[in-house]
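> build me a model from this:
(chains A, B and C)
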Amino acid sequence: MTAITKSKSNADVYQLRRRQETITALMVTSVAIIILLIYLMPMGYALVTSLKSKAQTSEVNAPILPSTPRQFEYDGETYDIMLVPQEDGTIAEWGLVQARRRGASDFIDPENPEAGIIQWEGNWRTLEKAWEPNVQWDNYPDAWNFIRFGRLLMNTLGYALVTMVGMVSASALTAYGFARFRFPGKNILFLMVLSTMILPPQVTDLPKYAFFVNVLDWGGTWWPLIVPAFFGHAYHVFLLRQFFLTIPREMEEAASIDGAGPMTTFIRVILPQAVPALTASALFHFFYAWNDYFGPLIYLAGNRDAQPISIGLAEFNGLYSSEPQLILAAAIITMILPLAIFFMAQRIFVQGIVITGVDK
Amino acid sequence: MDMVSAFSEVRKERFSWRNWSPARRREALWGLGFISPWLIGFLIFYLAPMIASLVFSTMNFELTKPDGATFIGLQNWQRLLNDDTMWLAMSVTFVFAIISLPIGMISAFLLAVLLNSANLMGRSLFRTLYYAPTMVPLIASTLIWAQVLNPSDGWINRFIEIFGFDVRGVDGLRWLNDPAHPNLVFIAYSFIGLWTIGNAMLINLSALQGVPSELYDAARVDGASWLNRLWSITIPMVSPVIFYNLVLSVIGLLQYFIVPWVLTGGSGDPEGRTMFYMIHFFKQGFIFNKLGYGATLAWLMFAVALVITVMLFGSARYWVHYAGDSRS
Amino acid sequence: MSKRYYTLFLAVVLMMLMSISTAAQERTTIRWFVGLGAGTDAPQIEAQEAIVEEFNNSQDEIELVLEIVDNDQAFGILSTQIAAGNAPDIVGPVGVRGRSNFPGVWLDLTELLESTNYDLTDFDPDLVEFYNIEGEGQIGLPFAIFPSFLMYNEELFDEAGIPYPPRNYGDPYVDWNGEEREWNMETLRELAMILTVDGEGTDATMDEFNPDEIVQFGYGTQYTDIRGRLTLFGAGSFADEDGNAQVPEHWQEGLDWYQKAMWEDWFYPNGVYGGADFMGGGNWFESGNMAMVTIHLWYLPCCTWGLEGVDYQLAPVPSYNGVTTAKMHGDTFSIMESTDHPVEAFEVLTYLLGEKANELATLYGGMPARLSLQPDYFDTIGQNDPLAGRDLNWDIVVAGMAYADNPSHEGPLPNLLEAEDVYNTWTGNLDNDPDFDLDAGIQELIDALQDVFDEAQ
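Numbering: from 1, shown residues only, chains lettered A, B, ... in the order given. Have a look, this model is predicted:
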C-alpha cells in the first residue's frame, strides 16, 4: 500500500480502490444470490404453493406461479377457457364443455355463446388453458384464523421468552464455571454435561415423564417444560464455554486486581464481551422453543387452552392433509415472527465485535 | 485442556485438595458455585432418568405392560451380538455421517465467511434468508423436500429437465427411493441436511466477528493471499467454535432420526440404506414396545458416541486454540 | 378499602376457593383420550369439548377431562402414558388396528354389562361379538361402522367415452359395445387401463403409451396396507390356523395383479407416482386425476373437499372368482384395564355410546352401530359439507355391509406390531422396484413373517 501511494496521487488511488471495491462487492453479492436461489429453492416451492388455489396444486400442466384458468359460465355451469388453434393459424379462446378422448370435444365461444356448442376435432390434452396470474392471498387469513393464531401466540411467546431467559442465564453461569475455574472433578463433570446430549433423549423421556407426572403431579401444566430450562442445557453450556475460552484473561485479571469478585467480573467484564455468543444462544433457544412440539404435546394433552402454535399447526395439518397450499401458508405464518426477530438481532452481531489484543 | 490428559489431572487434584492454598480453594468453590445451576438440574432431572434407562436395559420391559417387566440380566446385551439389523444400522449411520459431516461443516463455514464479508451488500438480509430454512420445523421442511425431490413432478427433476436430461418418471432420478441406485438417497439426505446448518453457520459467524481486524491488516502488509489468511488466521482463531460444531454435528449425525423417519416411516427403503441406528432403536423401543431392548440399543450408541467425543477432545489440543486458556 | 374490609374480602375469597376445590375433589376424574382414530381435527375437537361440558354440567359425580393428541403422535403418547402408570380411563374412537396395537390393556366389560343390565338389543349381535376378543373378553361395544365401496370420477369416464360402473351389487358392467361383463377384478383392470393416460392423451392400452409421463391413473386401493389391498381378492390372513406364516393362494394371485397393475399395465400408482403433487400427495381420488378407488365411508366427510364441482359416484366393490369382499372398519370406545374407576368410566362410556351416539357418529363420519339410528343417518350426513347437494348412491354403502371381510384385514397376527413392519417393508419393495421377483419375494415374506411369529412364542 505504501508503495502505491508513492507513485500515484491520493485521488487516483482512492478512485482505483473504490472501483475495485465495487467490482468485488458486486461479484461477492452475485455469488451470494446464486447460492441463495439454489439453497432456498424448496422454500420457493413452499411459498409459491402457499399462494395457489387447491385446484392448481394437483393440476398436471399448471404454470409454476399461482394462476387460475379464465372461466366462462354457460347454462349455469362454469368451464375453463382453453387456447384452441384454428385452421387459419389464429388462436381462439373457447370454454371446454366436454372433453373427449375419441372424436370431437365440445367447446363454447364466450364471445358468441348463442352459436351453441362448437365441435372441435383434435386432442384436447395438447391444448393449453388460458391461465392468468391469480394469487390466493386468502390462504393466509384462512390459515391464521383456523390455527387460533392470536390465542396461541401468547402461550408460545411466553414459553419461549421465559425459558430463554432461564436457559441463557443458567447456561452462561455454568459455562463460565467450566471455562475459568479449577475445581475437583471438573473434567468428569464436563463429560457428564456432554453425556446428557450423547444419550438419545428418547430413552430418558419416559422416566422423565413419569417423574413429572407421578411424583410432581405436573401433568397438564407448563411446569415440566419451563422449570428444567432454568437449570441450563448442555447444548448452551458447551457453546458458551467455547466462547468464554476465546476471551483473553488480561481484562479479568485487571478487574480482579481492582478488587472485583468473580461474580462482578463475570457480569461486568465477560458478559459484555460475549454478547454475540449470548445472542446466538438466546436465539437458538427461542427458535427451539417456538417450534417445540413433542414436549407440549405430551405434557399439555389435557389442556387445550394452554397449547402452543406448534400443536395448532399439527391439528391444522390433520384437517387439511390434502390441502398443501393451506398447510404451507400456515407454516410460513409461524415463521414470520422468528424471522423478524432474527433480522433485528442482526444489529447485535454486527456491533458486538470483540476488540481485544490477542497475543496467542 | 483435553479429556484424555484431564483424567490423570483429576486424580492428582483430588489428592492435593488438602494441600491447596486458600486462594485455590476459593477458586474451586467459586467454580462449583458457578456450575451449580446445571449441577442441581442434572441431579434432579437427568441422573435418575439416565439410571432408570440403564436399569431398563437389564429388563424385559414391554412398553404397554409396565407391571409385567422382569429382570433378565444381560440378555438384552447378548442379543445385540446377533442383531443383524443393528450391525446394518450402525454401518449405515457411519457411512452417512462420513459423507454428510464434511459437507455440512464446510458449507456452514464457507457460508459464514461469505456472510461476514465486508464486500457483501445487504448482509442482514442475506443472513436472515440463509438462516430461514433452519427456522422451519424439521418435520415440515422434510415434507417440503419430499415434494421437491418427487421423481415425477418435483421441482428438482423439472429443473434438471430444463437442461435437456430426461430425469422424470420411472426411469428417472428417483432421489429418495430407487432400488436400482440405492446410494442416491445419501446425496438427497445430504441436501436436506444443508437446511439444518443454520445454527452452525451462525455460530461460525459470531466467532468470525470476534477475529480482530488488526490481524488481517498485518497479514495484508505481509502480502498473504486470501486463502493464506483464511488458513493461518481465520481458522485458528475460530477453531474453538469449529470444534464445537464438529462435536455437535457428530453427535447429531449419530442420532440422525427425524428426516429418515418422516420420509420412510422406518422401512429402511431403499435396500436398507436408510435403516439408521436411531430408526432401529425407535422401532424396537417404541413401535414394537420392547423398551428394555431399546434402552440397550440407546446405551450402546451412547458408549460409541462417548468414545468418539472423548477422542475428539483428545485431538483438540493439536488444533484448537483458546485465547483465554493460558492457565490450564 | 379499610383493613377490616380487606380481611373480610380475603376470607370470602378464600372460602370460595376452598369450596371450589372441595367440590372438585368430590368429583371423580375420568380422562377421555382421543387420537387413535377420528376426532383430532379442530371442528371435531370443539364438538367433543361441548359434549364434555354438557356431561360435566349434567351431574356432579364425575369430572370428564378430554385429552386430544394428533393422530401421528397418539400411539406414542398413549404408550408413554401407559408405561408411566398415567394411563387415561377411556380411549376412543378407536378402530381395530388402533386396539390391536395395544394388546391386553383393555378392560373386559362383561361384568359391568351384567351388573348394570346394559341393553344390547339395539345392536346387531354379530357386531357385538366382533369386539369379543379371545383371551381379552368384551373389550368394547359397537359404536360406528364404516363399510367400503368403489368411488369413481364421472368426468374421467365421460372423457374416455366409456360407461360408468354398475349401480348395484350383482349387476353386470355394460361396456362401450353394449356387452355385459361380470363386475370383477378383470373388468376393473380393463377399465382402469383405458382410464390411465399420459401427457399426450395416449392411454395405457396403447403401444405408444409413455409410462414416464402419466398424468391420470385408472385405479387405486387408497389409504390401506397390503392386507387391505389384498382383501379385494377375498378375506384372508398371513397366519394359518396353527399360527404359521402363509400367503393364501388368492392373495398370491392378488399380489400378481397388483404388481402387473403398477409395472406392466401402469394403471395403479407405483412408488414413483404415489406421493406426487398431482396425485394429491397420496390423497389420490381427491386430486381429480384418479378415476376409481376403493375406500371407506370415513373418506367422504374427511377427505373430499377438493372435489367441489367434480361429479363422482359410489359403486359396488368388484368381485374376484365370483366372491365379493368389501372390507369393513368399525370403531368403538374402550376402557383401559388400569383404570381406578371402572364404574364411573363405564357410566361415561354408556353416555357416549347411548345419548351421544348419533351426534358422535355423524361427527366422525361413521354409520351408527345402533340399528335404531341407521335409517336417518344418510339424510343427516348428506346435508353437510362437503357432501351437500350431491345425490350419492347411499344404498351401496348399506349393501356393502353384507360383504364384510372375515377375518378382518386389520385382524390379529402373532406379534402383530413386528409382523406389520415386515409386510409393510416388503410392500415398499413391491411398490418401488420394477424388477421385483414376486415368486422369490413371496417366499421371503413367508420366511420373514415366520421368524417374527416364532418370536411371539
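
> who's in contact with residue C:116?
By Cβ atoms under 8 Å, 6 or more residues apart in numbering or on different chains, residue C:116 lies in contact with C:346, C:350. C-beta coordinates here come from the backbone N, C-alpha and C atoms, glycine included.

> wait, residue A:139 touches residue A:327, no?
No: using Cβ atoms under 8 Å, residue A:139 is not in contact with residue A:327, being 9.7 Å away.

> mean confidence (pLDDT) on the helix or strand hosting residue A:150, please.
Applying DSSP states H and E as the criterion places residue A:150 in helix A:149-180. When pLDDT is averaged along helix A:149-180, the result is 93.

> pull out the buried residues from the helix or strand following it.
Proceeding N to C from helix A:149-180, the next assigned helix or strand is helix A:186-198, under DSSP H and E. Residues of helix A:186-198 classed as buried by neighbour count (16 or more other Cβ atoms under 10 Å in any protein chain shown): A:186, A:187, A:189, A:190, A:191, A:192, A:193, A:194, A:195, A:196, A:197, A:198.

> and helix A:186-198, what does it pack against?
Applying 3 or more Cβ pairs under 8 Å, 6 or more residues apart in numbering or on different chains; DSSP states H and E, one finds that helix A:186-198 contacts helix A:149-180, helix A:234-246, helix B:3-16, helix B:22-41, helix B:235-254, helix B:291-319.

> now for the first one, which elements pack on it?
Using 3+ Cβ pairs under 8 Å, 6+ apart as the contact test, the elements touching helix A:149-180 are helix A:186-198, helix A:223-226, helix A:234-246, helix A:275-291, helix A:309-319, helix A:324-351, helix B:22-41.

> so where's chain C uncertain?
Within chain C, the ranges that satisfy pLDDT under 70 run C:1-25.

> show the model's pLDDT score for whatever residue of chain A ends up closest to chain B.
At 2.2 Å from chain B, residue A:231 is the closest residue in chain A, using Cβ to the nearest Cβ. Looking at residue A:231, its pLDDT reads 96.

> mind listing what the residue of the stretch 101-250 of chain C found nearest chain A touches?
Of all residues in the stretch 101-250 of chain C, residue C:201 sits closest to chain A, at 3.8 Å by Cβ to the nearest Cβ. Residue C:201 makes contacts with A:101, A:123, A:124, A:125, A:126, as judged by Cβ under 8 Å, 6+ apart.

> out of the residues you listed, which end up buried?
Buried among the contacts of residue C:201 by 16+ other Cβ under 10 Å: A:101, A:124, A:125.

> check what pLDDT the residue lying closest to residue B:189 once chain neighbours are set aside gets.
Spatially, and ignoring its direct neighbours in sequence, residue B:189 is nearest to residue B:259 (6.2 Å; Cβ to Cβ, 6 or more residues apart in numbering or on different chains). Per-residue confidence (pLDDT) for residue B:259: 94.

> do the same with residue A:337
Note on residue A:337: pLDDT of 91.

> distance of it relative to residue C:184?
Distance, residue A:337 to residue C:184, using Cβ to Cβ, to the nearest Å: 57 Å.

> would you map the strands across the stretch 51-200 of chain C?
For the stretch 51-200 of chain C, strands defined by DSSP state E, counting those that start in this stretch occupy the ranges C:62-68, C:90-94, C:132-133, C:137-138, C:141-153, C:173-174, C:180-181, C:197-198.

> can you tell me which residues in the stretch 1-150 of chain B are near chain C?
Selection of the stretch 1-150 of chain B residues close to chain C by Cβ under 8 Å from any Cβ of the partner chain yields B:63, B:64, B:65, B:66, B:146, B:147, B:150.

> do that again at 10 Å, thanks
B:56, B:61-69, B:139, B:143, B:146-148, B:150 (Cβ under 10 Å from any Cβ of the partner chain).

> just the buried members of those residues?
Buried among the residues of the stretch 1-150 of chain B next to chain C by 16+ other Cβ under 10 Å: B:56, B:61-66, B:69, B:139, B:143, B:146-148, B:150.

> would CSV of these with secondary structure and pLDDT be doable?
Below are those laid out as CSV (DSSP: H, G, I helix; E, B strand; the rest coil; pLDDT from 0 to 100):
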residue, secondary structure, pLDDT
B:56, helix, 93
B:61, coil, 90
B:62, strand, 88
B:63, coil, 87
B:64, coil, 86
B:65, coil, 86
B:66, helix, 86
B:69, coil, 89
B:139, helix, 86
B:143, helix, 88
B:146, helix, 91
B:147, helix, 90
B:148, helix, 93
B:150, coil, 92
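
> within reach of chain A, which of these are there?
Near chain A, judged by Cβ under 10 Å from any Cβ, the entries from those are B:56, B:61, B:63, B:66, B:139, B:143, B:146, B:147, B:148.

> can you pull the contacts of the second one?
When you say that, I think you mean residue B:61. Contact analysis of residue B:61 by Cβ atoms under 10 Å, 6 or more residues apart in numbering or on different chains lists A:206, B:55, B:68-72, B:76, B:285, B:289-295, C:83.

> report the buried members of those.
Buried among these by 16+ other Cβ under 10 Å: A:206, B:69, B:72, B:76, B:285, B:289-295, C:83.

> out of these, give me the two with the largest separation.
A:206 and B:72 (18.6 Å; Cβ to Cβ).

> ok so, going back, host element of the residue nearest to residue B:189?
Element membership of residue B:259 [criterion: DSSP H and E] is helix B:258-264.

> that helix - contacts with which helices or strands?
helix B:138-148, helix B:184-194, helix B:277-282 (3 or more Cβ pairs under 10 Å, 6 or more residues apart in numbering or on different chains; DSSP states H and E).

> apart from its neighbours in sequence, what residue is nearest the residue nearest to the spatial centre of chain C?
The residue lying closest to the centre of chain C (Cα atoms, centre = their mean) is residue C:329, at 5.3 Å. Leaving aside its sequence neighbours, residue C:329 sits nearest to residue C:146 (Cβ to Cβ, 6+ apart; 4.0 Å).

> rewinding a little: Three-state assignment for the residue nearest to the centre of chain C, please.
At residue C:329 the chain is in strand, as set by DSSP: H, G, I helix; E, B strand; the rest coil.

> so it is in contact with residue C:400, correct?
No: with contact defined as Cβ atoms under 10 Å, residue C:329 does not count as touching residue C:400 (11.3 Å).
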